[in-house]
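Asks: Here is a sequence together with a model predicted from it:
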Amino acid sequence: MTSVIGLLLMLITVTDGVVTHCDGRQNGAQCYGALGGTVSLQLMDDFSGIYRYQLKAKNVNVLSGRNNTPPVIIMKDRSSFIPSNGTFWIHNLSRNDSGEYELQTFDSNGKQTENRTLQLLVQGVVTHCDGRQNGAQCYGALGGTVSLQLMDDFSGIHRYQVKAKNVTVLSGGKKQQPVIMRKDRSSFIPSNGTFWIHNLSRNDSGEYRLTTHDSNGKLIENRTLQLLVQAPVSSVSLVSECLSQGEMKVSCSSEGGDSPQYRWTLNGKSLTEAKLLSGNKQTNIITLKQHVSGRLVCSSWNHVSSASKEININNCGFIYIDCTINGTKISKWVFKENNTLCVEPTTEKQSIMVGVLSALLIFLLVGIAMICTRKKTPIVKAEVGDQELIYTDVRIVKQQSKKLTRKPCEDVDVEYGQVKFRERPQHMDTAADVYAMVQKRQGT
């Protein structure tokens, strides 16, 4: 099949993004690349026979080389070159890569043998639409590229044409090359039946009609598709606000997008109605119940793009109280810092506990003292016949009425109390008299 003069473009979606292939072997070729993607520029069939060459972008050398020497690539981290098939690759495209690229070749005498240019335009969003069914609805991103799959293959179609708003934008046939009305913004690949529109504007929206005819001019097929160009969503912002009863109001807004739609997730799962006081998971403003917390994500999207934003939310400092005061049941959410309801009298309870523990400690100490005193109670023994006379609690009392100086042990009254008799043990021959806790008391 005869190739398209000027531009042959094909976009392939791969894991690393969009890869754009452009035939730049014709002077003035228009090429397109996807933002963040890769473009392959077919500069020549083979550079191995070229004595010296250089490629400039905005008058700056980005590629140079000569026969039998390795090429010099300025942007090694984002560019690559295959001399044997004449392709120059630019990866991770940015808008700064857009512009004019000029290729110059020279012979061994330094004479210029070729000088041609191509234009590269890096665009934001590339969309694909299957338009092989009548009435298909397709979408394109404002400023981006749309690929319309019109047929599997046009190589066997005798004559065809595509009209947009009753104006022919593409025509061709089995024995003639395709005619593209807007060559600066459109391209066509008959072998895979795709029609590309680049740098989309809102004027590109509307109905596109494809008609095919046989060799006798008879109409074979007549079908349409609708193309709608939308501005892509550029960014999303989230604003949260705590309400008076502990609820949380969250607003989600997007910038730049046409007809944005919204969806919410909480901790990686779709937000359920049970966690909402108002709104639903498809509106941009929701009110969450008091107990809801975690990672909240709002996604804004339309048919050509999407963006999202996340925040971590908590319970706004509210607590749920449930108690009965003076016979009245109280169950509600309150702000913890200002709450005076259902508060346990912790101070009074602590005072009571301290008192109880103190009393127990006192009783314990008194008990220990009594036990120790009882163990140390003196016992005084004396013998009376075959019996022992036992004196306990012996006290010596001072005489209070006389203040005479006396020798120790003179005129001392001795009191005995708790006198008990018991049988003398048979095995004891003698026993010593034992007197303890003797207290002196002066005679009256």
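Replies: It's in.
Asks: what about the closest residue to Gly246 other than its chain neighbours, neighbour count?
Replies: Distance criterion C-beta to C-beta, 6 or more residues apart in numbering; nearest residue to Gly246, sequence neighbours excluded, is Phe318 at 3.2 Å. C-beta here means a position set from N, CA and C on the backbone, and glycine is covered the same way. Other residues near Phe318 number 23, with proximity taken as other C-beta atoms under 10 Å.
Asks: What residues are bridge-paired with Phe318?
Replies: Phe335 (DSSP bridges).
Asks: Quick one, grab the pLDDT at it.
Replies: We note a pLDDT of 73 for Phe318 in this prediction.
Asks: what's the answer for Ile362, then?
Replies: So, for Ile362, pLDDT stands at 87.
Asks: right, and the residue nearest to Gly246 touches Ser293 too?
Replies: No - with contacts counted by C-beta atoms under 8 Å, Phe318 stays clear of Ser293, the gap being 11.1 Å.
Asks: which one is Leu55 nearest to, not counting chain neighbours?
Replies: Using C-beta to C-beta, 6+ apart, the nearest residue to Leu55 is Leu63, at 3.9 Å.
Asks: cool, Trp264 as well?
Replies: Leu271 (4.1 Å).
Asks: Against Leu210, how distant is the residue nearest to Gly246?
Replies: Taking C-beta to C-beta, to the nearest Å as the measure, Phe318 falls 62 Å from Leu210.
Asks: repeat for Gln245
Replies: Taken as C-beta to C-beta, the span from Gln245 to Leu210 is 60 Å.
Asks: More neighbours: those two, which one.
Replies: Leu210 (22 against 14).
Asks: number of nearby residues for the nearest residue to Leu276 once chain neighbours are set aside?
Replies: Leaving out its chain neighbours, the residue that sits closest to Leu276 by C-beta to C-beta, 6+ apart is Ile286, at 5.9 Å. Residues within reach of Ile286, counting by other C-beta under 10 Å, total 23.
Asks: Test of understanding: give the bridge partners of Ile286.
Replies: Residues in beta-bridge contact with Ile286 (DSSP bridges): Val250.
Asks: residues contacting it?
Replies: The neighbourhood of Ile286, defined by C-beta atoms under 8 Å, 6 or more residues apart in numbering, consists of 249-250, 264, 271, 276, 278-280.
Asks: Return the residues in contact with the closest residue to Val292 other than its chain neighbours.
Replies: What sits nearest to Val292 in space, not counting adjacent residues and going by C-beta to C-beta, 6+ apart, is Lys275, at 4.8 Å. Residues near Lys275 by C-beta under 8 Å, 6+ apart: 266, 288-289, 292.
Asks: now, which of those lie within strands?
Replies: 266, 288 (DSSP state E).
Asks: If you rank the contacts of Lys275 by neighbours, which is first?
Replies: Leu288 (26 neighbours).
Asks: Verify the contact between that one and Val250 for me.
Replies: Yes - Leu288 is within contact range of Val250, at 6.7 Å (criterion: C-beta under 8 Å).
Asks: any idea which element the residue nearest the centre of the chain lies in?
Replies: Residue closest to the mean C-alpha point of the chain, counted by C-alpha atoms, centre = their mean, is Glu310 at 6.2 Å. For Glu310, the host element (DSSP states H and E) is strand 306-313.
Asks: what does Thr373 give?
Replies: Counting by DSSP H and E, Thr373 is found in helix 346-375.
Asks: Flag the shaky bits of the stretch 301-444 of the chain, pLDDT-wise.
Replies: In the predicted model, the stretch 301-444 of the chain carries pLDDT under 70 at residues 321, 331-332, 335-341, 343-354, 374-444.
Asks: which residues does Asn284 contact?
Replies: Asn284 neighbours (C-beta under 8 Å, 6+ apart): 251-253, 260, 262, 298, 300.
Asks: of those residues, buried ones?
Replies: Among these, those buried by neighbour count (16 or more other C-beta atoms under 10 Å) are 252-253, 260, 262, 298, 300.
Asks: okay if I get those as a markdown table plus secondary structure?
Replies: Formatted as a markdown table, the buried ones among the contacts of Asn284 follow (DSSP: H, G, I helix; E, B strand; the rest coil):
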| residue | secondary structure |
| --- | --- |
| Cys252 | strand |
| Ser253 | strand |
| Pro260 | coil |
| Tyr262 | strand |
| Cys298 | strand |
| Ser300 | strand |
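Asks: Tabulate these in CSV, adding columns for distance to Asn222 and pLDDT.
Replies: Shown next, in CSV, are the buried ones among the contacts of Asn284 (distance: C-beta to C-beta, whole Å; pLDDT from 0 to 100):
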residue, distance to Asn222, pLDDT
Cys252, 44, 93
Ser253, 44, 91
Pro260, 35, 91
Tyr262, 39, 92
Cys298, 44, 93
Ser300, 38, 91
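Asks: Looking at those residues, point me to the pair that's furthest apart.
Replies: Distance extremes for these: the farthest pair is Pro260 and Cys298 at 10.7 Å, using C-beta to C-beta.
Asks: can you name the two of the contacts of Asn284 that are farthest apart?
Replies: It's Ser251 and Pro260 that sit farthest apart of those, by C-beta to C-beta, at 13.3 Å.
Asks: count of residues packed around Val169?
Replies: 20.
Asks: Name all residues that make contact with it.
Replies: 162-163, 180-182, 186, 208.
Asks: What's the ChimeraX line that selects buried ones from those residues?
Replies: Selection of buried members from these for ChimeraX, criterion 16+ other C-beta under 10 Å:
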select :162,163,180,186,208
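Asks: export the contacts of Val169 to a markdown table and tack on secondary structure, pLDDT and distance to Leu219?
Replies: Below are these laid out as a markdown table (DSSP: H, G, I helix; E, B strand; the rest coil; pLDDT from 0 to 100; distance: C-beta to C-beta, whole Å):
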| residue | secondary structure | pLDDT | distance to Leu219 |
| --- | --- | --- | --- |
| Val162 | strand | 97 | 15 |
| Lys163 | strand | 96 | 14 |
| Ile180 | strand | 92 | 22 |
| Met181 | coil | 90 | 22 |
| Arg182 | coil | 85 | 25 |
| Ser186 | strand | 90 | 24 |
| Tyr208 | strand | 97 | 17 |
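Asks: domain assignment for this protein?
Replies: 9-123, 126-230, 233-343, 377-444 (automatic domain parsing).
Asks: got TSV for the ones you listed, with distance to Phe363 too?
Replies: As requested, the domains of the chain are exported to TSV (distance: least, C-beta to C-beta, whole Å):
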stretch	distance to Phe363
domain 9-123	81
domain 126-230	86
domain 233-343	33
domain 377-444	21
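Asks: Looking at the contacts of Val169, which is nearest Ile90?
Replies: Ser186 (22.5 Å).
Asks: And the closest one, how far from Thr212?
Replies: 19 Å.
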